[in-house]
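>>> Take a look and give me a structure for this.
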Amino acid sequence: MVSVTIRPATAADVPTLRALGVRTWYATYDGVLAPGAVEAGIDEWWNAYSLGAACRDGRMLVAVRAGVVVGLLEFDRLADGRPVVWKLYVAPEAQRTGVGRALLRHHLRTIGDGEALWLEHPEGNAAAAAFSERLGFTARAVEPSGHDPATAVVRRALEPRR
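Numbers count the residues shown, from 1 in each chain. Presented below is the predicted three-dimensional model:
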């Protein structure tokens, strides 16, 4: 296995991030979300403006393996200050090789010891549920999606380190 390097994303990464996100969204959500919901999500979250803002604000990490971006993690803080991961995606051919875990571990070193880390995923995304559970995230709520009323969203938290 070739090692992975985690670094902050830059504006120059935006086209690569978009291509990775679009490809991964189709692979991840085919059969999980309605085709219209997949298209709407891509339009809203994988456009150059949104990705560029995350890069400019220092809220995006990339995982690079053998010179190729194979994963990304976008993070922020909720209105109440809780840390949240908005995007954690790995190229289909690089999944199950430790890239997602490496991105998450890198990010965990940047948040406070007393803080829980939050993330969410569509209820039907069994791979995301299994991945987050293996890493210790517990489901805290299942709520209707604000973007697609036919889809429920699972909100999970990783308890603070002691």
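>>> So Asp76 sits against Arg59, correct?
Yes. Using Cβ atoms under 8 Å, Asp76 makes contact with Arg59 at a distance of 5.4 Å. All C-beta spots, glycine's among them, are computed from the backbone N, C-alpha and C.
>>> Comparing the two, which residue is more hemmed in?
For Asp76 and Arg59, the more surrounded residue by other Cβ atoms under 10 Å is Arg59, and the numbers stand at 17 against 14.
>>> mind checking how far that one is from Ala157?
Going from Arg59 to Ala157 by Cβ to Cβ, to the nearest Å gives 19 Å.
>>> For the longest strand anywhere in the chain, which strands pair with it and how are they oriented?
Longest strand of the chain, by residue count under DSSP state E: strand 68-77. Counting by DSSP bridges, the strands paired with strand 68-77 are strand 60-65 (antiparallel), strand 83-90 (antiparallel).
>>> Quick one: distance of the lengthiest helix in the chain to the chain centre.
Counting residues, the longest helix found in the chain (DSSP state H) is helix 14-29. Here helix 14-29 is found 11 Å from its chain centre; the criterion is Cα atoms, centre = their mean, to the nearest Å.
>>> thought Leu73 was touching Val90?
No. Contact status for Leu73 versus Val90: not in contact, 9.5 Å apart, counting by Cβ under 8 Å.
>>> Find residues that contact each of those two.
Residues touching both Leu73 and Val90 by Cβ atoms under 8 Å, 6 or more residues apart in numbering: Ala63, Leu103.
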